[in-house]
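Peer 1: Quick one, what's the 3D model for this:
(chains A and B)
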Protein chains: 2
Amino acid sequence: MTQQMETTVDNGVNVAALLEARTALEAAPEAAQFKWRASCEWVEGVHSRSTIEGFFGLGEEQKHSRSFMIDADHPPQFAATDKGVTPVEIVLSGLASCLTAGVAAVAQNRGIQLRSVKANIEGDMDLAGILGIDADVRNGFKSIRVAFDIDADATSEEIAALVAQSQKRSAVFDIITNPCAVNVTVR
Amino acid sequence: MTQQMETTVDNGVNVAALLEARTALEAAPEAAQFKWRASCEWVEGVHSRSTIEGFFGLGEEQKHSRSFMIDADHPPQFAATDKGVTPVEIVLSGLASCLTAGVAAVAQNRGIQLRSVKANIEGDMDLAGILGIDADVRNGFKSIRVAFDIDADATSEEIAALVAQSQKRSAVFDIITNPCAVNVTVR
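Peer 2: Residues are numbered from 1 along each chain as shown, chains lettered A, B, ... in the order given. The predicted model follows:
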């Protein structure tokens, strides 16, 4: 008599639903056209508050289950009130969370159980850009580094492959590494 | 006898301190080298939590007055738990808040009193990219629109010029519209 140990990989990602969605959207390309939104209100100084709730997708207006808020500000080192993080830190958090979600989804799809995932992200910026000191210095990050610490039931090669695949399919990685057209208007 | 109405423009931005910082950093370029950071921990599924507290600048390690957290997740339409906003919405919020802070700072510098500023931001995304349906579709936004509603003691030309100057000096606008190198590693 043999005892069988049934192990079920569960990273909390519903891969079956995502694969079904892929099949459905392949058949209905219009449903795959999404519009993501935020609405940012100035509070005082360089403090603002973004509200995120509605988006468009699957052919109609959609909503998160509640509205979310993100406060942006600057720290006292910038003579500001530090009621929130800086906009560039918000962007770093967007990139780190996109890659982390990708790692979880890809791991689930490949049958790899994750125990912990942590992404440490850092971006280099020369303030001579935004302060207008040197026109040759860009306003944004010169470079960004993301270092993952991952504990999973997998070899280090399999873990490296998870991260590579996540990067390949990451919306935010694409937005930051490639140019994206932004149109700013005043109503 | 004439009565004088003294009006002081106050948008809550300490422009004097920022101009002093500019002069100081012009003389000490090393102090203008900043490193911004976030640390993102996987929670479950595609839900993660970023913590933001420390950064490097002015030649030494710095800290916000407290640590801040941003939760990222995906809505039920993606078979997820909706415990936070999507990473791409986080990025939109970063861009909107960067441009909004710029408007406030430039207005203060130009002596324009703001009464309200709201940035409505929207990004178009074809999910055929991230779902791997069509290799010719990018993962990120095809385009982003920012529409400002601004109430201020200024002409519409002056308001348009505020927004244009904010865009010119925006770190996040640069990060999104131009390529930025991202290096991802596993430790």
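Peer 1: would you put the C-alpha positions of stretch A:163-171 in PDB?
Peer 2: Once non-C-alpha atoms are left out, stretch A:163-171 reads as follows in PDB (Å, rounded to 0.1, in the frame of the first residue of the first chain):
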ATOM      1  CA  VAL A 163      10.900  36.800 -13.100                       C
ATOM      2  CA  ALA A 164      11.900  36.900 -16.700                       C
ATOM      3  CA  GLN A 165       8.400  35.900 -17.900                       C
ATOM      4  CA  SER A 166       6.800  38.400 -15.500                       C
ATOM      5  CA  GLN A 167       9.000  41.200 -17.000                       C
ATOM      6  CA  LYS A 168       8.000  40.100 -20.500                       C
ATOM      7  CA  ARG A 169       4.300  40.500 -19.800                       C
ATOM      8  CA  SER A 170       4.400  43.500 -17.400                       C
ATOM      9  CA  ALA A 171       2.300  46.500 -18.400                       C
END
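Peer 1: quick one: buried residues of it?
Peer 2: A:163, A:165, A:166, A:167, A:169, A:170, A:171 (16 or more other CB atoms under 10 Å in any protein chain shown). Glycine gets a C-beta too; all of them are placed from N, C-alpha and C.
Peer 1: Could you confirm whether the host helix or strand of the fourth one reaches chain B?
Peer 2: If you go by DSSP states H and E, residue A:167 is part of helix A:156-168. Yes. Helix A:156-168 is in contact with chain B by CB under 8 Å from any CB of the partner chain, via A:156, A:159, A:160, A:163, A:167.
Peer 1: May I ask you to confirm that residue A:43 is in contact with residue A:69?
Peer 2: No. Look at residue A:43 against residue A:69 with CB atoms under 8 Å: they stay out of range, at 11.1 Å.
Peer 1: As a check, name the ranges of all helices in chain A.
Peer 2: Here chain A has its helices, by DSSP state H, at A:15-27, A:87-109, A:156-168, A:171-177.
Peer 1: circling back to that earlier point, direction-wise, compare the helix holding residue A:167 with helix A:87-109 and give the angle.
Peer 2: 120 degrees (axes from the mean of the first three to the mean of the last three CA atoms, to 10 degrees).
Peer 1: Report the angle between the helix or strand of chain A with the lowest mean pLDDT and helix A:87-109.
Peer 2: The helix or strand of chain A with the poorest confidence is helix A:15-27; it has a mean of 92 (mean pLDDT, DSSP states H and E). Between helix A:15-27 and helix A:87-109, the angle comes out at 100 degrees (the same axes, to 10 degrees).
Peer 1: what sits up against helix A:15-27?
Peer 2: With CB atoms under 8 Å, 6 or more residues apart in numbering or on different chains as the test, helix A:15-27 has contacts from A:31, A:32, A:105, A:108, A:109, B:78, B:79, B:127, B:128, B:131, B:132, B:133.
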